[in-house]
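K.L.:
Okay, sequence plus prediction incoming.
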Amino acid sequence: MASTFLSPYYFLFCLLLLFSTASPSKTSSLTANLSPTAQAEMLIKGLNLHPKEAVNIRTRDKDSSSLASDGKIVERRFELPVLGDSGSSVQDLGHHAGYYPLPHSHAARMFYFFFDSRNSANDPVVIWLTGGPGCSGSLALFYENGPFHIANNLSLVWNDYGWDQASNLIFVDQPTGTGFSYSTDERDIRHDEQGVSNDLYDFLQAFFAAHPQLVKNDFYITGESYAGHYIPAFAARVQQGNKAKEGIHINLKGFAIGNGLTNPEIQYEAYTDYALNMKLITESDHDNINTMLPECKQGIKQCATKGGDACELALIDCNSIFNEIRDITGNINYYDIRKSCEGPLCYDFSNVETLLNQKKVRDALGVADIEFVSCSSTVYEAMRQDWMKNLAVGIPALLEDGLKVLIYAGEYDLLCNWLGNSRWVNAMRWSGQKRFGTSPTVPFVVAGAKAGLMKSYGPLTFLKVHNAGHMVPMDQPKAALQMLKSWMAGKAAMAGADSETDT
């Protein structure tokens, strides 16, 4: 439950985990013969979309001559043929891809896409983090909120609701080993949020140094699934750097987490309640499965105090809860319970790998012969002891600093469901906790239609998005774009306001 993909059924965690000792193509057929512990292991690994071992830990650096060794970004503009009308010519739009040699690494290089706003150069800068851990930002770029989508014939078509309609938009392949990001040294693989957030902060420093005209713009951090871990740590690292005047001041205004894994103890406990409310299990099932909760919660507490192996044991114990629900519900798509799970991963995102591994595309992006895979099991395995940690504990300090925080969730996602997210948001202790708790729930309206239910007080907003699963920008692109625009403009909390006409 963390980034973007889980076992044949556990997806974007919730974006990264289906890989076990069996090959991905055999995983689902072997599930029934596995022990509960092995099933839990596979469930976690199901978050990997197309997991491959050590795919971007390279034996040698073929591209070292073309990459900067002085800590600067190497970036190029690229043009790919896109069908349809963007509102501007392709030549007028800045589409960039680049590498950044991470300074606090042995040989790591972080890959990113950057798209100029289709609206105004003065729009906020928004960075998107895909979950996993270990799934590429290209999944969101091409299937959710990027400037274009991939058609079945691998052509690109403009996305009318791409977030570059309202922002200067960055997609990053991180942590190291994800997507096109790579290293020649296994020591560069990160194991916790400290390492991940330090790398992202270093990247931002280099990015704004390369784009000084954007330093004055507002900056927002966004993402989904396991980014519920990444984002609070990253935001705290930016605040720390700003207060210590470590480098370029980053004009951070807030962060948004979609269907994230942030507080595992509260969110795992919500599994059975959500499943019962959605009539996926019976009351008897609910009560039986809840007998597993004490061991799960105790494991999470041990993880918090002892770390290390205790965190891996907690992960296995807690995922037994999900396994039981899965056994009862059968062939359901746990990222969107309205649908059945077709194929071992419930969704088919294979076109992005086919597209990005074409030589002409790699050449345009400047990635040479680096193989692109959607999700890396190497990165996932390295982050196993990070999963069960509570990242919500750092958010109150960020709220007190005045940062805007948006937690949103599609109503039909089981894995990182809206109920668990709502509960940890309400349980969070900060100066506005009581006022937030007593604030009314109001409609979120887009183009005259109710698109969700929202609760807000001060800098904190929670939004339950209607008719959406785990990936809100994919399922409800218009509502997702208006959500972003309204929230950044400070109008998301206006009761009954039509967010499209109000922004």
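P.N.:
The structure has been received and is ready for your questions.
K.L.:
and the helix or strand where residue 360 lies, which residues are buried?
P.N.:
Element membership for residue 360, per DSSP states H and E: helix 359-365. Across helix 359-365, burial judged by 16 or more other Cβ atoms under 10 Å covers 361-362, 364-365. All C-beta atoms are positioned from the backbone trio N, CA, C, and that covers glycine.
K.L.:
Can you spell out which helices and strands pack onto it?
P.N.:
helix 350-356 (3 or more Cβ pairs under 8 Å, 6 or more residues apart in numbering; DSSP states H and E).
K.L.:
Tabulate the CA atom coordinates of the helix it packs on in CSV.
P.N.:
C-alpha atoms of helix 350-356 as CSV (Å, rounded to 0.1, in the frame of the first residue of the first chain):
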residue,chain,number,x,y,z
SER,A,350,3.5,-1.3,-21.2
ASN,A,351,3.3,1.4,-24.0
VAL,A,352,5.5,3.8,-22.0
GLU,A,353,8.3,1.3,-21.9
THR,A,354,7.9,0.5,-25.6
LEU,A,355,7.9,4.3,-26.4
LEU,A,356,10.8,5.3,-24.2
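K.L.:
Show residues contacting that helix.
P.N.:
50, 136, 138-139, 142-143, 150, 152, 154, 180, 361-362, 365, 372-374 (Cβ atoms under 8 Å, 6 or more residues apart in numbering).
K.L.:
let's see it at 7 Å
P.N.:
For helix 350-356, contacts defined as Cβ atoms under 7 Å, 6 or more residues apart in numbering pick out 50, 138-139, 142, 150, 154, 361, 372-374.
K.L.:
buried set for that helix?
P.N.:
Buried residues in helix 350-356, counted by 16+ other Cβ under 10 Å: 351-353, 355-356.
K.L.:
Among those, which one lies nearest to residue 487?
P.N.:
residue 352 (27.3 Å; Cβ to Cβ).
K.L.:
So in the chain, where's the weakest helix or strand by average pLDDT?
P.N.:
helix 27-30 (a mean of 32; mean pLDDT, DSSP states H and E).
K.L.:
any chance of the buried residues of helix 359-365 in TSV, plus distance to residue 480 and pLDDT?
P.N.:
TSV is the format used below for these (distance: Cβ to Cβ, whole Å; pLDDT from 0 to 100):
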residue	distance to residue 480	pLDDT
361	26	89
362	30	88
364	28	86
365	26	89
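K.L.:
Most widely separated two among these?
P.N.:
Most distant of those, by Cβ to Cβ, are 362 and 364, 7.3 Å apart.
K.L.:
Any chance of the backbone angles for the residue nearest to residue 418 when sequence neighbours are not counted?
P.N.:
Nearest non-adjacent residue to residue 418, counting by Cβ to Cβ, 6 or more residues apart in numbering: residue 409, 3.7 Å away. Main-chain dihedrals, residue 409, degrees, to the nearest 10: phi -160, psi 130.
K.L.:
what distance separates the helix or strand where residue 434 lies from the middle of the whole chain?
P.N.:
Using DSSP H and E, residue 434 maps to helix 433-438. Relative to the centre of its chain, helix 433-438 is centred 27 Å away, using Cα atoms, centre = their mean, to the nearest Å.
K.L.:
Stretch 421-430 now?
P.N.:
20 Å.
K.L.:
Quick check: buried residues in that stretch?
P.N.:
Using 16+ other Cβ under 10 Å as the test for burial, stretch 421-430 gives 421-425, 428, 430.
K.L.:
Show me which of these is closest to residue 453.
P.N.:
For these, the nearest to residue 453 is residue 422 (9.9 Å; Cβ to Cβ).
K.L.:
Now that closest one: closest residue in space, sequence neighbours ignored.
P.N.:
Residue 422's closest residue in space is residue 462 (Cβ to Cβ, 6+ apart), at 5.9 Å.
K.L.:
Who is that neighbour paired with across the strands?
P.N.:
The partner list for residue 462 in beta bridges (DSSP bridges) reads residue 407, residue 455.
K.L.:
Let me know whether it touches residue 407 as I believe.
P.N.:
Yes - at 5.0 Å, residue 462 and residue 407 qualify as touching, with contact defined as Cβ atoms under 7 Å.
K.L.:
Between these two, tell me which one has more neighbours.
P.N.:
When residue 462 and residue 407 are compared for neighbours, residue 407 comes out ahead with 26 against 22, by other Cβ atoms under 10 Å.
K.L.:
Pull the contacting residues for that one.
P.N.:
If you count contacts by Cβ under 7 Å, 6+ apart, residue 407 has them with 257, 421, 425, 462.
K.L.:
Among the residues you listed, which are located in strands?
P.N.:
Members of the contacts of residue 407 lying in strands (criterion: DSSP state E): 257, 462.
K.L.:
Which single one of the contacts of residue 407 is nearest to residue 206?
P.N.:
Out of the contacts of residue 407, the member with the shortest distance to residue 206 (by Cβ to Cβ) is residue 257, at 24.7 Å.
K.L.:
Settle this for me: that closest one is touching residue 228, isn't it.
P.N.:
Yes - if you go by Cβ under 7 Å, residue 257 and residue 228 touch, sitting 4.9 Å apart.
K.L.:
any idea of the mean pLDDT for the host helix or strand of residue 128?
P.N.:
Here residue 128, judged by DSSP H and E, is contained in strand 125-129. Here strand 125-129 scores 99 as its mean pLDDT.
K.L.:
list the helices and strands the helix or strand just after it packs on?
P.N.:
Next helix or strand after strand 125-129 toward the C-terminus (DSSP H and E): helix 138-140. Contact analysis of helix 138-140 by 3 or more Cβ pairs under 7 Å, 6 or more residues apart in numbering; DSSP states H and E lists helix 350-356 as its packing neighbours.
K.L.:
how distant is stretch 338-353 from the center of its chain?
P.N.:
Taking mean C-alpha positions (Cα atoms, centre = their mean), stretch 338-353 and its chain are 17 Å apart.
K.L.:
show me what contacts residue 264?
P.N.:
Applying Cβ under 7 Å, 6+ apart, the residues near residue 264 are 300, 318, 388, 390.
K.L.:
Please repeat the previous calculation with a cut-off of 6 Å.
P.N.:
300, 388 (Cβ atoms under 6 Å, 6 or more residues apart in numbering).
K.L.:
The one 10 residues further on now?
P.N.:
Residue 274 makes contacts with 417, 419, as judged by Cβ under 6 Å, 6+ apart.
K.L.:
oh, and call the first residue 160 from now on, that's how I've got it
P.N.:
Fine by me, first position is 160 from now on; the one you just mentioned is residue 433.
K.L.:
and it, that one's in a helix?
P.N.:
Yes - according to DSSP: H, G, I helix; E, B strand; the rest coil, residue 433 belongs to a helix.
K.L.:
Can you tell me how far it is from residue 484?
P.N.:
Between residue 433 and residue 484 the computed distance is 9 Å (Cβ to Cβ, to the nearest Å).
K.L.:
Now, the buried residues of stretch 580-589 that are in helices?
P.N.:
Judged by DSSP state H, the buried residues of stretch 580-589 include 580-584 as members of helices.
K.L.:
What is the top helix by length along the chain packed up against?
P.N.:
Looking across the chain with DSSP H, the single longest helix is helix 468-488. Helices and strands touching helix 468-488, by 3 or more Cβ pairs under 6 Å, 6 or more residues apart in numbering; DSSP states H and E, are helix 195-204, helix 423-436, helix 442-448, helix 452-465.
K.L.:
Pull out the buried positions in the second one.
P.N.:
If I follow you right, that is helix 423-436. Per 16+ other Cβ under 10 Å, helix 423-436 contains these buried residues: 423-431, 433-435.
K.L.:
will you turn those residues into TSV that also has distance to residue 346 and pLDDT?
P.N.:
As requested, these are exported to TSV (distance: Cβ to Cβ, whole Å; pLDDT from 0 to 100):
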residue	distance to residue 346	pLDDT
423	28	98
424	32	98
425	34	99
426	32	98
427	32	98
428	37	98
429	38	98
430	36	98
431	41	98
433	40	99
434	41	98
435	46	99
